[in-house]
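Asks: Everything below, folded, please.
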Amino acid sequence: MCIGFNFALQEIKIFMCLLVWRYRWLKEGEPEADYDPFFQLIRPINLYVRTKKREVYPSKSDSVMT
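Replies: Here you go, the predicted structure:
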């Protein structure tokens, strides 16, 4: 196992939180998502999203501020 594996996982978690906080995520199209039955994890086949940068950010939770 790589010595930087845990650091890389932590970095991805922080990056994903920033993406969710800074952008609005809008689903493209109306059809329900289909999933690949042969893939080991849950992976949608036809799920497309569009992002839009937020102008007003959501407030941070109380647990983070304390």
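Asks: alpha carbons only for contacts and neighbour counts from here, please
Replies: Fine.
Asks: next SSE after the lengthiest helix in the chain?
Replies: For the chain, the longest helix by residue count, based on DSSP state H, is helix 5-22. The helix or strand immediately downstream of helix 5-22 is strand 23-27, counting by DSSP states H and E.
Asks: Run me through the strand neighbours of that following strand, direction for each.
Replies: Sheet pairing for strand 23-27, assigned by DSSP bridges, gives strand 49-53 (antiparallel).
Asks: gap between the strand it pairs with and the chain center?
Replies: Distance, stretch centre to chain centre, for strand 49-53: 12 Å (Cα atoms, centre = their mean, to the nearest Å).
Asks: Ok, stretch 48-66 next?
Replies: The answer for stretch 48-66 is 12 Å, by Cα atoms, centre = their mean.
Asks: What of stretch 38-56?
Replies: With Cα atoms, centre = their mean, you get 8 Å for stretch 38-56.
Asks: picking that back up, just the CA atoms of the longest helix of the chain, as PDB, please.
Replies: In PDB, the C-alpha atoms belonging to helix 5-22 read as follows (Å, rounded to 0.1, in the frame of the first residue of the first chain):
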ATOM      1  CA  PHE A   5      -2.900   6.700   0.500                       C
ATOM      2  CA  ASN A   6      -4.500   8.000   3.700                       C
ATOM      3  CA  PHE A   7      -3.400  11.600   2.900                       C
ATOM      4  CA  ALA A   8      -4.900  11.300  -0.600                       C
ATOM      5  CA  LEU A   9      -8.200  10.000   0.700                       C
ATOM      6  CA  GLN A  10      -8.400  12.900   3.200                       C
ATOM      7  CA  GLU A  11      -7.600  15.400   0.400                       C
ATOM      8  CA  ILE A  12     -10.400  14.000  -1.800                       C
ATOM      9  CA  LYS A  13     -12.900  14.300   1.100                       C
ATOM     10  CA  ILE A  14     -12.000  18.000   1.600                       C
ATOM     11  CA  PHE A  15     -12.100  18.700  -2.200                       C
ATOM     12  CA  MET A  16     -15.500  17.100  -2.600                       C
ATOM     13  CA  CYS A  17     -16.900  19.100   0.300                       C
ATOM     14  CA  LEU A  18     -15.600  22.300  -1.300                       C
ATOM     15  CA  LEU A  19     -17.200  21.400  -4.600                       C
ATOM     16  CA  VAL A  20     -20.600  20.700  -3.000                       C
ATOM     17  CA  TRP A  21     -20.400  24.000  -1.100                       C
ATOM     18  CA  ARG A  22     -19.200  26.200  -3.900                       C
END
